[in-house]
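Visitor: Whatever this is, show me its structure:
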Amino acid sequence: MLGKLLKHDMRSMSKVAAPMFIASGIVSVICCAMLYFTFGFFEEDIHTVFGAIMLTGSFYLIGLGAIFVMWAIVSFLAIARYYKSLFTDEGYLNMVLPIKSVTLFSAKLLSTFIWIAFASGVAVLGTLISVVLPTLLYDSSMVAGLIDTAKVLLGLGEDKTALVITIGIVKLAESLVSSVESIIIIITAVTVGATLINRHKVFGSIIFYFVITLAEEIFSGVATLVFESVLPNNLDISAFMSSLFALILSAGISVGMYFLSLFILEKKFNIE
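Guide: Numbers count the residues shown, from 1 in each chain. Down below sits the predicted model:
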């Protein structure tokens, strides 16, 4: 049943998400062309091609912005789909199906995750096409410079101790878990707003989200200060402990928000 519910949600969302992804691909190709032309204009007299540079550069920046706007739209629609499928007339039909609440909620949550992750992947791919591909086509040696710059920013290519590598792995894991956590908190905020708040549901959901995230930031900040004060002479271990605490906290909040949403759906469901 979980697979059938997931398939239904994926098919429903694809009707609006697929055009967005196609548009992102088209815009990425246009951005690629604009940046390629901009590179070429710099070989000419800057005074004679200044207007062309401004034109192609403006289209390029607008295109990059459009890619991320479409990512935001798909992410918003995925969350709106969760609300519509549970807290409107469609939700009433779902709730009378002979399935458990945990199955229904898990299907809706998984569908939301998949679409947001897919939209994020499309946005990253579009950005790479817009930035790396025109650079590679114009001058492949420039790509090596971009890679070297990225390595410096990420701290790669240097000799590192096992502890520093471990810190990097923990931070990467924390970033991934934090991304999942953000979506679960948003889903829980929507659930709380739709079921427990009678008036100003959207405002209440936003407040709930910011209260949870603010509390997490406070706990993480306090933990970092504690570790730095306890281990003032070993910043690497302090950074490791801080990152590990943030990872555990994000995972704990994610699990807590999941069960809170499930509890609300099971005990306090309110069809509008």
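
Visitor: When you work out contacts or count neighbours from here on, use the C-alpha atoms and nothing else.
Guide: Noted.

Visitor: before we move on, what SS does Asn198 have?
Guide: Three-state assignment for Asn198 (DSSP: H, G, I helix; E, B strand; the rest coil): coil.

Visitor: any idea how far Ser205 is from it?
Guide: Per C-alpha to C-alpha, to the nearest Å, Asn198 is found 11 Å from Ser205.

Visitor: element containing Leu172?
Guide: helix 162-195 (DSSP states H and E).

Visitor: Remind me what that helix packs against, helices and strands.
Guide: helix 46-87, helix 101-138, helix 201-230, helix 235-267 (3 or more C-alpha pairs under 8 Å, 6 or more residues apart in numbering; DSSP states H and E).

Visitor: Let me see the contact set for Ala123.
Guide: Counting by C-alpha atoms under 8 Å, 6 or more residues apart in numbering, Ala123 touches Ser24, Ile67, Phe68, Trp71.

Visitor: so which of these is the most crowded?
Guide: The most crowded member of the contacts of Ala123, judged by other C-alpha atoms under 10 Å, is Ile67 (28 neighbours).

Visitor: Verify the stated contact: that residue with Gly126.
Guide: Yes: using C-alpha atoms under 8 Å, Ile67 is in contact with Gly126, at 7.0 Å.

Visitor: Need the overlap of contacts for these two.
Guide: Ser24, Ser28.

Visitor: re the thing from before, between the helix holding Leu172 and helix 235-267, what angle do the directions make?
Guide: Interaxial angle of helix 162-195 relative to helix 235-267 (axes from the mean of the first three to the mean of the last three C-alpha atoms, to 10 degrees): 20 degrees.

Visitor: Off-centre distance for helix 162-195?
Guide: Relative to its chain's centre, helix 162-195 lies at 10 Å (C-alpha atoms, centre = their mean, to the nearest Å).

Visitor: Which residues are in contact with Val177?
Guide: Val177 neighbours (C-alpha under 8 Å, 6+ apart): Leu247, Ser250, Ala251.

Visitor: In ChimeraX, how would I select the buried members of the residues you listed?
Guide: Buried residues among these (16 or more other C-alpha atoms under 10 Å), as a ChimeraX selection:
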select :247,250,251
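
Visitor: could you dump the contacts of Val177 to TSV with pLDDT and distance to Lys267?
Guide: Shown next, in TSV, are those (pLDDT from 0 to 100; distance: C-alpha to C-alpha, whole Å):
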residue	pLDDT	distance to Lys267
Leu247	91	30
Ser250	93	26
Ala251	94	24
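
Visitor: so where's the protein shaky on pLDDT?
Guide: Residue ranges of the chain with pLDDT under 70: 1-2, 43-49, 89-98, 140-161, 163-164, 232, 235, 268-272.

Visitor: For Glu266, which non-adjacent residue is closest in space?
Guide: Ranked by C-alpha to C-alpha, 6 or more residues apart in numbering and with sequence neighbours excluded, the top spatial neighbour of Glu266 is Ser101, at 6.3 Å.

Visitor: what separates the one you found from Asp9, distance-wise?
Guide: Distance from Ser101 to Asp9, by C-alpha to C-alpha: 16 Å.

Visitor: more crowded one of those two?
Guide: With neighbours defined as other C-alpha under 10 Å, Ser101 and Asp9 compare such that Asp9 has more, 20 against 16.

Visitor: That one contacts Ser111, correct?
Guide: Yes: Asp9 lies in contact with Ser111 (C-alpha under 8 Å); the separation is 6.5 Å.

Visitor: what about Arg11, how many neighbours?
Guide: 12.

Visitor: Can you tell me the SS state at it?
Guide: Using three-state DSSP, the structure places Arg11 in helix.

Visitor: ditto for Asn233
Guide: Going by three-state DSSP: Asn233 is coil.

Visitor: number of nearby residues for it?
Guide: 10.

Visitor: What separation is there between it and Phe227?
Guide: 11 Å.

Visitor: Contacts only, for the closest residue to Tyr138 other than its chain neighbours.
Guide: Nearest residue to Tyr138 in three dimensions, chain neighbours excluded: Tyr36, at 6.4 Å (C-alpha to C-alpha, 6+ apart). Residues in contact with Tyr36, defined by C-alpha under 8 Å, 6+ apart, are Pro134, Thr135, Leu137, Tyr138.
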